[in-house]
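Asker: Predicted coordinates and the sequence they were generated for:
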Amino acid sequence: MRRVMCLHLPFLAIEQEVRRNAWPPHRPIVLTERFRSCERVWRCNEAALLAGIRPTMPLTEARAVAPSVMAAPHRPEEDRRVLDALAAWAECLSPVVQPDPPDSLLVDVTGCQPLFRGESNLLRVAVEGIRRQGFSVRGAIADTVGTAWAVAHEGDHGPMVVPPGQSAAALAVLPPRALRLSPRAVDMLDAVGVGKIETLLHLPRSALAARLGEEVARRIDQALGTVPEVIQPHRPPADPVSRIRLAGPTDRLEVIHEAIDRLLGFFCDQLRRRAAGTRRLSCAMYHEDLPPTRIEVRLSRPSRSARHLGDLLRGRLEASPVPAPVFAMAVWCSGPESLDEEQLTLFEAATGHRNEQAFHDLLDRLSNRLGADGVVRPEFVDDHQPERACRYAPVLATEPAERRSDGGTKEGKNDRRSGRTDPRAGGPGGWSGTPGSPPDVAGGPGERPLRILSRPVEVRVMVLVPDGPPSWFRLGAREHVIVESLGPERIETGWWRGEDIRRDYYIVTSRSGQRFWLFRERSGGRWFLHGSFD
């Protein structure tokens, strides 16, 4: 008979954060997640629960309930990394271990009991092993994945072994959420007064799906073993690698190039079988009396084209010849990325696809010849200060650069030159949004010029009313009479940015038809030109 063990680590994320920050574990600690416009509690430790803090509570409310609470943002990718490491450790108990994010492990222990002198001792070894690694854990062994998961997560006792054939009895006293139901299904059962799984087990199987939905019926069948569940072994496939030994040491480039082609043929076949590509390829050439010569090429996007990878490797060899004869070679990559085959539509022009591929190939060749920082691309930054709203990032960056959010503010009122502008006014005429977003009306505040100066230029300006729009300004030796002005759009930076930036921007049109972007410093009253729309 099949037997399954579930190990539940209820405070995995919290305990990781305690380790990282060296926090006292007896203090109330919460992890937060972003929900709409506020931070809310995602997980909390026992001290926080005793203090009255609950998941989904806004962080501000949690601080009011327990002023001493310590908070940190939730890092799900870090939790998954730790869970994978624990799954690798659990392979000493059974060869079939599956991580069950965010905080559980599923282990097929069928036939493993004699090695540990019984299931109770096996469960004890597993629980103690995880506790020695610094994590709280609850465990259960049962006939099915569903029952073991339910008892480990919702049982009110320590580690428990459910005897064979007793899944229904073990499930009866547990709440419906122990069946791994969606929040919607749990709310639906709560609304009709179903507080225990026992109530569901007494319903006829034919009527269960019709009354409560397919999900509830399926989860009950999985927990009782009517519908099987497969545990996928946690064995990450080895990174692709290809090796070749030459007939003898050689420094002839044509022989080395031919070896590269053969290596990449085998290597790319491995990537193709995994529907994967690589952004970073490593090559090692082995010498008899010297350390291996290592070459690395990087790509702007994943590829498994042996021809393209071979061109990049040969280009690197031309730039740095091998120092001694080569008798063996190897190519490999770390962390191949998913790369599905692309299917062009019936009417899609194949030339466009080829041109795009050729462009990326060119980027790869230039970057590997000039260096990783030699070819860059412009990248928008979420920053309200215009001169800081763009940066240049290498095209071979392994992942997109993080977007900054510096918390600037914008406000203003749209008015024409004939009217009076009030920079403190808001209302329907105002505009707010992310940098570069289109305005609410054509030519309204928030529009950005085609050219923005990296450093604003001070200009002489004439205004007709205090704090009003400009009517004339001088740029170098040229004078510009303004016939139309739109604004102001106020841009301010947060106090945490150091020197305050407080500006009122105007889009102005001169008598000659040119459009400029001017701003007035609110602190000193000086005027600057920051860009033009021509």
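Answerer: Received, thanks. Numbering: from 1, shown residues only.
Asker: domains for the protein, by residue range?
Answerer: 78-224, 241-338, 409-532 (automatic domain parsing).
Asker: In a markdown table, list these along with distance to R377.
Answerer: To be clear about C-beta, it is placed using only N, CA and C from the backbone, and glycine gets the same treatment. Output for the domains of the chain, formatted as a markdown table (distance: least, CB to CB, whole Å):
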| stretch | distance to R377 |
| --- | --- |
| domain 78-224 | 29 |
| domain 241-338 | 9 |
| domain 409-532 | 16 |
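Asker: Distance of the residue positioned nearest the centre of the chain relative to L83?
Answerer: Nearest residue to the geometric centre of the chain (CA atoms, centre = their mean): E77, 7.8 Å. Separation of E77 from L83 (CB to CB, to the nearest Å) stands at 11 Å.
Asker: S94 now?
Answerer: Per CB to CB, S94 is found 16 Å from L83.
Asker: where do the helices sit along the chain?
Answerer: Counting by DSSP state H, one finds helices in the chain at the ranges 12-21, 46-50, 59-65, 76-90, 119-132, 145-154, 167-172, 183-191, 197-201, 205-212, 214-224, 253-273, 306-319, 350-370.
Asker: helices or strands next to the fourth one in the packing?
Answerer: Pointing back at helix 76-90 there. When contacts are defined as 3 or more CB pairs under 8 Å, 6 or more residues apart in numbering; DSSP states H and E, helix 76-90 sits against helix 12-21, strand 97-100, strand 104-108, helix 119-132.
Asker: Of all these, which one is nearest F380?
Answerer: Among these, the nearest to F380 by CB to CB is helix 12-21 (31.2 Å).
Asker: ok now the closest one, how far from the chain's centre?
Answerer: Remark: helix 12-21 is offset 20 Å from the chain centroid, using CA atoms, centre = their mean, to the nearest Å.
Asker: With stretch 281-288 instead?
Answerer: Once both centres are worked out by CA atoms, centre = their mean, stretch 281-288 turns out to sit 34 Å from its chain's centre.
Asker: buried ones in that stretch?
Answerer: By 16 or more other CB atoms under 10 Å, the buried positions in stretch 281-288 come out as 281-287.
Asker: With respect to R522, which of those is nearest?
Answerer: L281 (53.5 Å).
Asker: surely the closest one meets D311?
Answerer: No - judged on CB atoms under 8 Å, L281 makes no contact with D311 at a distance of 11.6 Å.
Asker: Distance check, the closest residue to P28 other than its chain neighbours against T147.
Answerer: Leaving aside its chain neighbours, P28 sits nearest to A48 (3.9 Å; criterion: CB to CB, 6 or more residues apart in numbering). Distance from A48 to T147, counting by CB to CB: 30 Å.
Asker: Just give the number of residues close to L366.
Answerer: Neighbourhood size, L366 [other CB atoms under 10 Å]: 14.
Asker: Kindly report the same for R235.
Answerer: Per other CB under 10 Å, the neighbour tally for R235 reads 12.
Asker: Please apply the same query to P114.
Answerer: Neighbours of P114 under the rule other CB under 10 Å: 8.
Asker: what pLDDT does it get?
Answerer: Looking at P114, its pLDDT is 91.
Asker: what's the answer for L344, then?
Answerer: Looking at L344, its pLDDT reads 43.
Asker: which secondary element of the chain has the worst mean pLDDT?
Answerer: Sorting the helices and strands of the chain by mean pLDDT, DSSP states H and E puts strand 409-412 at the bottom, at a mean of 42.
Asker: hang on, the earlier thing: with respect to I482, which of the helices of the chain lies nearest?
Answerer: It's helix 350-370; of those, that one is closest to I482 (CB to CB) at 43.0 Å.
Asker: and that closest one, average pLDDT?
Answerer: According to the model, helix 350-370 has a mean pLDDT of 63.
Asker: which one of the domains of the chain lies closest to V65?
Answerer: domain 78-224 (22.9 Å).
Asker: Below-threshold pLDDT in the chain: ranges please.
Answerer: Along the chain, segments meeting pLDDT under 70 span 236, 340-357, 359-361, 363-365, 367-372, 397-446, 494-499.
Asker: can you tell me which strand in it is longest?
Answerer: strand 478-492 (DSSP state E).
Asker: could you dump it to CSV, C-alpha only?
Answerer: Coordinates of each C-alpha in strand 478-492 appear next as CSV, following Å, rounded to 0.1, in the frame of the first residue of the first chain:
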residue,chain,number,x,y,z
ARG,A,478,17.8,85.0,-29.1
GLU,A,479,14.7,86.4,-27.5
HIS,A,480,11.4,84.5,-27.6
VAL,A,481,8.0,86.1,-27.1
ILE,A,482,5.6,83.5,-25.7
VAL,A,483,2.1,83.5,-27.2
GLU,A,484,0.7,80.5,-25.4
SER,A,485,1.6,78.8,-22.0
LEU,A,486,0.3,75.7,-20.5
GLY,A,487,0.8,74.7,-16.8
PRO,A,488,2.1,74.6,-14.2
GLU,A,489,2.9,71.0,-13.6
ARG,A,490,4.6,70.7,-10.2
ILE,A,491,7.3,68.2,-9.7
GLU,A,492,8.8,67.7,-6.2
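Asker: Can you mark which positions in it are buried?
Answerer: Quick answer for strand 478-492 (16+ other CB under 10 Å): 480, 482, 485-492.
Asker: Show me which of these is closest to L201.
Answerer: Closest to L201, out of all of these and judged by CB to CB, is E492, at 62.1 Å.
Asker: got the contact list for R451?
Answerer: 531-532, 534 (CB atoms under 8 Å, 6 or more residues apart in numbering).
Asker: Out of the residues you listed, who's the most crowded?
Answerer: Per-residue neighbour counts (other CB under 10 Å) across the contacts of R451 peak at G531, which has 21 neighbours.
Asker: wait, isn't that one in contact with L518?
Answerer: No - counting by CB under 8 Å, no contact exists between G531 and L518, whose distance comes to 9.1 Å.
Asker: Tell me what V376 is bridged to.
Answerer: Going by DSSP bridges, V376 is paired in beta bridges with P394.
Asker: Could you report the neighbour count for it?
Answerer: Neighbours of V376 using other CB under 10 Å come to 15.
Asker: In contact with it, which residues?
Answerer: 392-395.
Asker: re the thing from before, so for P67, which of the domains of the chain sits nearest?
Answerer: Closest of the domains of the chain to P67 is domain 409-532, at 22.6 Å (criterion: CB to CB).
Asker: Next, format the helices and strands packed on helix 76-90 as CSV and append mean neighbour count and distance to L299.
Answerer: CSV is the format used below for the helices and strands packed on helix 76-90 (neighbours: other CB atoms under 10 Å; distance: least, CB to CB, whole Å):
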stretch, mean neighbour count, distance to L299
helix 12-21, 19, 33
strand 97-100, 20, 30
strand 104-108, 24, 36
helix 119-132, 17, 40
